[in-house]
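> Structure for this input, please:
(one chain, ligands or ions: 1)
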Amino acid sequence: MKVLLLGKLGMLGSQMLKALSGSEDFEMYAFDKDDLDISDKDALGEIFKRISPDFVINCAAFTAVDACETEKDTAFRINAEAPGLIAEACAKENAVLLHISTDYVFDGENPNGYKENDVPAPINTYGESKLRGEQLIAENWDNYYIVRTSWLYGENGQNFVETMLKLAETKSELDVVDDQIGSPTYSKDLCEELIRCFLSPFVSDLPKQHERTMNSESDKAGNDSPTKKLPFGIYHLTNSEHTSWCGFAKKIFELAKLDVKVNPVASEAFPRPAKRPHCSILQSTKLDCKMRSWEEALRAYLQLTA
Ligand SMILES: NC(=O)c1ccc[n+]([C@@H]2O[C@H](COP(=O)([O-])OP(=O)(O)OC[C@H]3O[C@@H](n4cnc5c(N)ncnc54)[C@H](OP(=O)(O)O)[C@@H]3O)[C@@H](O)[C@H]2O)c1
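Prediction:
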């Protein structure tokens with residue numbers, strides 16, 4: 001199966017490339033900004049025509065949440081218009097599109113979190129641009145999976161875990177916000193689940209060839225890769241359970257055995273250009289799998305990177 005991956009150098013994209021490159025099932029074509037600007041319609045058209053992909057994964061995005069406030073045009077060009085162009089190109093080539101979106105499409109006012117069909121109401125430009133991207137995909141092509149995830153960390157990327165570990169080198173006490181709740185998600189876990197749920201059903205013999213770690217509750221229950229293609233549409237996928245940034249920081253220091261005192265503070269203590277939703281919990285009601293807890297995933301990440 002010919003797979004076109006966009007955003008191959010990003011945190012999630014690099015995991016996807018690593019995971020998929022080893023498999024004979026996938027003929028990989030991977031790009032990032034320097035090879036292909038996803039907002040360049042002509043360049044996209046040429047690449048799609050040349051490769052004629054069966055499956056397209058879009059991990060490329062403008063993810064600097066605060067910078068989106070001052071660079072609105074860029075945010076909408078990359079996070080909104082470009083996914084629309086990608087969907088249009090997918091339609092021409094009859095390729096399935098897997099696109100990654102975010103918890104930030106919601107306003108965060110519901111303390112129980114959000115289901116896939118809940119009405120989005122973003123409170124910052126990043127969320128607005130990502131939501132518009134979702135809408136433009138749906139306007140241009142039917143065969144898409146939009147997967148919303150949250151609070152990503154992992155190898156190959158600037159992220160909260162690395163920031164905390166770096167700060168611990170010079171600080172013994174830190175203030176961290178405790179009024180934003182969400183599910184930290186390990187990019188490697190997300191990548192494996194994306195492949196299992198969305199890509200693998202398009203390749204009949206994939207489970208035999210694609211080795212994966214036992215990282216989800218459905219694995220532990222003995223379930224193998226789903227064989228059925230999921231209906232196209234919007235899905236939510238994160239590590240399970242939730243916490244605050246403060247709880248996340250405390251767990252990082254506890255697991256890394258670092259003696260750093262963490263003080264809970266309100267978001268107002270850290271004024272930033274972009275507002276953040278208070279509740280970023282994404283309820284997953286359409287998938288039968290449940291990813292392992294964020295704590296288990298964090299433990300695995302810290303062991304791997306120690
Ligand atoms: N990170 C999170 O906490 C988080 C949470 C929820 C959802 N998501 C979503 O998950 C997806 C992956 O996120 P991530 O954290 O892996 O992002 P990332 O590390 O920022 O990677 C995005 C990649 O896209 C590239 N890119 C930017 N503009 C481009 C363009 N015009 N053409 C081609 N490539 C371009 C970036 O290059 P440069 O770095 O050189 O700009 C980068 O390599 C995104 O859709 C994001 O919205 C992320």
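> From now on I want contacts and neighbour counts done on CA atoms only, so please keep to that.
Noted.
> which residues touch residue 167?
By C-alpha atoms under 8 Å, 6 or more residues apart in numbering, residue 167 lies in contact with nothing.
> Please read the previous query as pertaining to residue 95.
Contact partners of residue 95, counting by C-alpha under 8 Å, 6+ apart, are 52-56, 143.
> And residue 237, how far from the ligand?
Applying C-alpha to the nearest ligand atom, to the nearest Å, the value for residue 237 to the ligand is 10 Å.
> What count of nearby residues applies to the closest residue to that residue other than its chain neighbours?
Of all residues not flanking residue 237 in the chain, residue 149 sits nearest, at 5.3 Å (C-alpha to C-alpha, 6 or more residues apart in numbering). Neighbours of residue 149 under the rule other C-alpha atoms under 10 Å: 24.
> phi, psi of residue 95?
Main-chain torsions, residue 95, degrees, to the nearest 10: phi -100, psi 140.
> in what helix or strand does residue 100 lie?
For residue 100, the host element (DSSP states H and E) is strand 96-102.
> cool, residue 33 as well?
Under the criterion DSSP H and E, no helix or strand holds residue 33.
> Test my guess that it contacts residue 7.
Yes: assessed by C-alpha atoms under 8 Å, residue 33 is found in contact with residue 7 at 7.1 Å.
> Who has more neighbours out of these two?
residue 7 (23 against 14).
> can you tell me which residues contact that one?
By C-alpha under 8 Å, 6+ apart, the contact set of residue 7 is 13-14, 30-33, 58-61.
> Go through these and single out the one with the most neighbours.
Neighbour max across these (other C-alpha under 10 Å) = residue 60, 26 neighbours.
> ok, which stretches of the stretch 51-200 of the chain are strands?
55-58, 96-102, 144-149, 152-153, 173-177, 181-182, 185-186 (DSSP state E, counting those that start in this stretch).
> Quick one: list the elements packing against the first one.
So the one you mean is strand 55-58. Applying 3 or more C-alpha pairs under 8 Å, 6 or more residues apart in numbering; DSSP states H and E, we find strand 55-58 packed against strand 2-6, strand 96-102.
> As JSON lines, the ones you listed with distance to residue 166 would be great.
Below are those laid out as JSON lines (distance: least, C-alpha to C-alpha, whole Å):
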{"stretch": "strand 2-6", "distance to residue 166": "29"}
{"stretch": "strand 96-102", "distance to residue 166": "26"}
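> Tell me the residues of the stretch 151-300 of the chain that contact the ligand?
151-152, 157 (C-alpha under 6 Å from any ligand atom).
> Which parts of the stretch 201-306 of the chain are helices?
Along the stretch 201-306 of the chain, counting by DSSP state H, counting those that start in this stretch, helices occupy 206-209, 217-220, 245-255, 294-305.
> ok, and what's touching the longest one?
Residues from elsewhere that reach helix 294-305 (C-alpha under 8 Å, 6+ apart): 154, 183-186, 189, 215, 239-242, 251-252, 255-256.
> before we move on, the earlier item: turn the residues of the stretch 151-300 of the chain next to the ligand into a markdown table, including neighbour count.
Below are these laid out as a markdown table (neighbours: other C-alpha atoms under 10 Å):
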| residue | neighbour count |
| --- | --- |
| 151 | 20 |
| 152 | 22 |
| 157 | 15 |
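> now these in JSON lines, with pLDDT?
As requested, these are arranged in JSON lines below (pLDDT from 0 to 100):
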{"residue": "151", "pLDDT": "97"}
{"residue": "152", "pLDDT": "97"}
{"residue": "157", "pLDDT": "80"}
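> Specify the beta-bridge partners of the nearest residue in space to residue 280 that is not next to it in sequence.
In space, and not counting its chain neighbours, residue 280 is closest to residue 182: 4.6 Å by C-alpha to C-alpha, 6+ apart. Note on residue 182: beta-bridge partners residue 243, judged by DSSP bridges.
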